[in-house]
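Asks: model the structure of this input:
(2 chains)
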2 protein chains.
Amino acid sequence: MSLALDPSRPEDAFAWVERWSLSVGRESVPLTVAGGRVLARELSCLKDIPAHASCACAGYALQAADTTGAGAYNPLPLLLEAEAGPIEHGRALRVADGDPLPAGADAVLLCEQATRFERSIEVTSTLAPGDGVLLPGMECRKDDELLQAHRRLRPQDLALLGMAGVKEVQVRPLARVRVTVAHRSAADVLIPMLTALIGRDGGSLLPLQGASQQTNMISALREPGADLILVAGGTGYEEDDNALQALQHCGEIDINGVCIHPGTGTVLGQVDTVPVALLPGSALACLCAYDLIAARLLRRLSGKQAPWPYRRRRMALTRKLASAIGRLEVARVAVDGDRAEPIATAEGRVLSTAVRADGFVLIPAQSEGYAQESLVDVHLYDEYD
Amino acid sequence: MSLALDPSRPEDAFAWVERWSLSVGRESVPLTVAGGRVLARELSCLKDIPAHASCACAGYALQAADTTGAGAYNPLPLLLEAEAGPIEHGRALRVADGDPLPAGADAVLLCEQATRFERSIEVTSTLAPGDGVLLPGMECRKDDELLQAHRRLRPQDLALLGMAGVKEVQVRPLARVRVTVAHRSAADVLIPMLTALIGRDGGSLLPLQGASQQTNMISALREPGADLILVAGGTGYEEDDNALQALQHCGEIDINGVCIHPGTGTVLGQVDTVPVALLPGSALACLCAYDLIAARLLRRLSGKQAPWPYRRRRMALTRKLASAIGRLEVARVAVDGDRAEPIATAEGRVLSTAVRADGFVLIPAQSEGYAQESLVDVHLYDEYD
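Replies: Model prediction:
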């Protein structure tokens, strides 16, 4: 079989990405390391949170009825309890924020709403029952949804889970990614970049291999334990291209080239049931092919909801952006306020354009580009989730 | 001295944050773990990148003059070199993307611009010198700026540094943060939240201590090695509040309370030259006080450029948002497209409002709030850098 490049339409490559199943795995992690992880399943509330009434502020627990009529010109005295215990009519107890509400009390007075004396206070505000109190179930009621499945856990979610008594939470496992660079000379350039990209997209990098021979490439493709295999470099367009040969030898080539620029030489396939992407060896094409295809696949495998790695924002172009018909173009742009300035395409293959750029615009294969002042969606390099 | 709460204006707390110096430390880390770190100093380019001309695509290295006039209806034959070596007139050599440009060659023909035979090709496109070639210095010229100081390193930056031969890069150290929770009952709720927040803001959490006694609190404040100390809980408003007492005992209280809501009980001070923030013990107030004050300080200490933890976006309010004069209010909102919907303020002290919210609006102390349809800046919980 010929291994000559036969570039597919970008839509076919995107459809290939979507043929791979969303992550359904789960693993249990302690709350302290769960920030940013993707919740594996919906969590419902097993008991009212809080379970008991508690003080919502530091101050004095008391019976609201004892404050009726109190004000700056009508301070009402209450005796201070020396120790924790039930609060009776005419008495108050100093409490800290978060303390259980003492029996008998139905409100908590802020410190600044009273003048303190050694064994009593004078109340200067009128409270209603429930003021300064967190009632049972106020955070979440038993059997209500606590957190949705697929939620990327925020810091405050972890606190809510802590209140619910949860110590460990089930999240999507990080997808295990094996990276092999076909030519050693490219490893110093591509491995640090791919390591950072994979971390961003929820992957966990398996120990690195530096295969430069076809035999090593084959063993890298066959070694078990990966959820995704990325090979960078060695994806030229001919029979003597070892990554392609190795993939054909070990598994299947599904897509031999994609009409994206930079990144046409991208090859997609599989070994057993593990997806494999052969990425171009030049750094810019490798970055673009990774972002457009591998990142989206990795995000599926690791349970992330947003399919594109970068956030997008609509902006007007400062000047026209031209593109050849027939390929999806990744056009780097600099952002100035709400406007996007195309970066010289004469330097089209130069990685430093992506270093100088703030993001990129995708120009569809059927488009010749965009006129000046067109509104375009800019994918922002520094904004992702 | 009385330790009674004496809330400062929010501006005074922000000014206190800015009194602490920006990070000037640096540490050297390998490129593979440098993604997302903040570059300590400008890097200039020590040699042209690339140092030598290289092939910008896979294909055939040749002399452009040999392709003059070639086209689909006028294929021009070239002999294929069997081995790497200088390219003479009338000859071509198969090259991979990223290979050094062979001596004698001045252009690289894409594979699809030729028909291949066993020992020759027929060229079907006319090239100009430099086509398909990456010239010396095209990525970056010797002595030009490679990357700016304070840049948060992107994946592609690491590839550019790899091209420059850099193996390790000097970045701002992660600021070391000691966290103590004054009341053990709060630790299960606050420690996971603060751990995630500190990681987000470029801090490195020191081994945790769970001091619940004043003596322990004092030792936590005095133990060396932290760049920032956070104490959560134990910040009530009176003399029997142990975190306040400990701070007064070990160092200085600079600000005893801040007019922010939630989070009035926040106390700022120092022990020797280390900043200390006492945060409220209720989770929502702790989150707000952290985000408004501690996060900004931590970002200074770790060299991050953006002073606010969250990205902001301007949106119209779906209904009015009221606030008491005299305090800076953190009003949680849900985002629906380009509109922000206030979340019921009757649940003002409930953490789950911040779980349900997509972000918050800050209402200045001198404002009574915003009318329906007002444009406000929403701080987005899921967007940060």
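Asks: for the strand or helix carrying A:S204, buried residues please.
Replies: A:S204 is part of strand A:203-205, with elements assigned from DSSP states H and E. Residues of strand A:203-205 classed as buried: A:G203, A:L205 (neighbour count, 16 or more other C-beta atoms under 10 Å in any protein chain shown). Where C-beta positions appear, they are placed from N, C-alpha and C, glycine not excepted.
Asks: again with stretch A:17-32
Replies: By 16+ other C-beta under 10 Å, the buried positions in stretch A:17-32 come out as A:V17, A:W20, A:S23, A:L31, A:T32.
Asks: nearest to A:V335, of these?
Replies: Using C-beta to C-beta, A:V17 comes nearest to A:V335 of the buried residues of stretch A:17-32, at 27.2 Å.
Asks: just the pLDDT at the closest one, thanks.
Replies: A:V17 is assigned 96 on the pLDDT scale.
Asks: the helix or strand hosting A:I198: how far from the chain's middle?
Replies: For A:I198, the element it lies in under DSSP H and E is helix A:184-200. Put simply, helix A:184-200 sits 20 Å off its chain's centre (C-alpha atoms, centre = their mean, to the nearest Å).
Asks: tell me the helices and strands packed up against it.
Replies: strand A:175-181, strand A:203-205, strand A:228-232, helix A:283-289, helix B:155-163 (3 or more C-beta pairs under 8 Å, 6 or more residues apart in numbering or on different chains; DSSP states H and E).
Asks: could I get the CA-only coordinates of it as PDB?
Replies: C-alpha atoms of helix A:184-200 as PDB (Å, rounded to 0.1, in the frame of the first residue of the first chain):
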ATOM      1  CA  ARG A 184      16.100  13.100  18.500                       C
ATOM      2  CA  SER A 185      17.100  16.600  17.200                       C
ATOM      3  CA  ALA A 186      13.500  17.700  17.600                       C
ATOM      4  CA  ALA A 187      13.000  16.400  21.100                       C
ATOM      5  CA  ASP A 188      14.600  19.400  22.800                       C
ATOM      6  CA  VAL A 189      12.200  21.700  21.000                       C
ATOM      7  CA  LEU A 190       9.000  19.600  20.900                       C
ATOM      8  CA  ILE A 191       9.000  17.700  24.200                       C
ATOM      9  CA  PRO A 192       8.800  20.800  26.500                       C
ATOM     10  CA  MET A 193       6.000  22.200  24.300                       C
ATOM     11  CA  LEU A 194       4.000  19.100  24.200                       C
ATOM     12  CA  THR A 195       4.500  18.500  27.900                       C
ATOM     13  CA  ALA A 196       2.900  21.900  28.700                       C
ATOM     14  CA  LEU A 197       0.100  21.400  26.200                       C
ATOM     15  CA  ILE A 198      -0.800  17.900  27.500                       C
ATOM     16  CA  GLY A 199      -0.900  19.200  31.000                       C
ATOM     17  CA  ARG A 200      -3.200  22.000  30.000                       C
END
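Asks: so where's chain A shaky on pLDDT?
Replies: Across chain A, residues meeting the criterion (pLDDT under 70) sit at A:1-2, A:184, A:209-215, A:235-241, A:345-348.
Asks: who touches the most centrally placed residue in chain A in this structure?
Replies: Nearest to the geometric centre of chain A sits A:D385, at 3.8 Å (C-alpha atoms, centre = their mean). The neighbours of A:D385, taking C-beta atoms under 8 Å, 6 or more residues apart in numbering or on different chains as the test, are A:R152, A:K304, A:A306, A:R311, B:D382, B:E383.
Asks: widest-spaced pair of these?
Replies: The span of the contacts of A:D385, defined through C-beta to C-beta, is set by A:K304 and B:E383 at 14.9 Å.
Asks: the two: which has the busier surroundings?
Replies: A:K304 (24 against 18; other C-beta atoms under 10 Å in any protein chain shown).
Asks: distance of the closest residue to the more buried one other than its chain neighbours from B:E118?
Replies: Residue nearest to A:K304 in three dimensions, not counting chain neighbours: A:G202, with 5.3 Å by C-beta to C-beta, 6 or more residues apart in numbering or on different chains. From A:G202 across to B:E118, the span is 47 Å (C-beta to C-beta, to the nearest Å).
Asks: tell me which residues of the helix or strand containing A:N216 are tucked away?
Replies: Following DSSP H and E, one finds A:N216 within helix A:214-222. Buried residues in helix A:214-222, counted by 16+ other C-beta under 10 Å: A:Q214, A:N216, A:M217, A:I218, A:A220, A:L221.
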